[in-house]
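S.K.: Below are the sequence and a predicted model; questions follow.
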Amino acid sequence: MKHELATLLQRRLDVIADHAWRDRDPAAHLQALAEVSTALSEWTKEHRSELDPRLRHFLANASYAKALDCITAEE
């Protein structure tokens with residue numbers, strides 16, 4: 001379960017960090033960011049009750065790097 005969340009979080013961070021893509025094709029970059037953000041939001045809603053409070057806090061506050069660190073620290 002958390003592997004799927006980690007994948008979504010990493011994907012979002014990768015899209016944000018891809019400045020060359022953003023500069024080359026802003027519309028596609030924004031679309032990719034919207035898609036991964038929507039997937040992340042839906043995943044969070046679906047699994048909210050299964051997550052520990054700290055991870056829920058990070059996700060609710062869009063602290064995605066901290067959420068990813070929290071997950072990887074548990075592995």
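M.R.: Everything's here; your move.

S.K.: Now do the contacts for Ile16.
M.R.: Counting by CB atoms under 8 Å, 6 or more residues apart in numbering, Ile16 makes contact with Leu33. (Each C-beta comes from the backbone N, C-alpha and C, glycine too.)

S.K.: centroid residue for the protein?
M.R.: Leu9 (2.7 Å; CA atoms, centre = their mean).

S.K.: How is that one assigned, secondary-structure-wise?
M.R.: Using DSSP: H, G, I helix; E, B strand; the rest coil, the structure places Leu9 in helix.

S.K.: ok, it touching Tyr64?
M.R.: Yes - look at Leu9 against Tyr64 with CB atoms under 8 Å: they come within range, at 5.2 Å.

S.K.: Pull up the overlap in contacts between these two.
M.R.: Leu40.

S.K.: I'd like the distance between the closest residue to Leu9 other than its chain neighbours and Glu50.
M.R.: With CB to CB, 6 or more residues apart in numbering as the criterion, Leu9 has its nearest non-adjacent residue at 4.3 Å, and that residue is Leu68. Distance of Leu68 to Glu50, computed by CB to CB, to the nearest Å: 17 Å.

S.K.: When those two are compared, which one has more neighbours?
M.R.: Each of Leu68 and Glu50 has its neighbours counted (other CB atoms under 10 Å); Leu68 has more, 19 against 10.

S.K.: so what's that one up against?
M.R.: Residues in contact with Leu68, defined by CB under 8 Å, 6+ apart, are Ala6, Leu9, Gln10, Leu13.

S.K.: Mind telling me what element it is part of?
M.R.: Leu68 belongs to helix 64-74 when assigned by DSSP states H and E.

S.K.: Check the offset of stretch 20-36 from the chain's centre.
M.R.: The chain centre lies 15 Å from the centre of stretch 20-36; the measure is CA atoms, centre = their mean, to the nearest Å.

S.K.: Correction: the previous question concerned stretch 25-43.
M.R.: 10 Å.

S.K.: now do stretch 52-70
M.R.: 9 Å.

S.K.: Any idea how far apart the tips of it sit?
M.R.: 10 Å (CA to CA, to the nearest Å).
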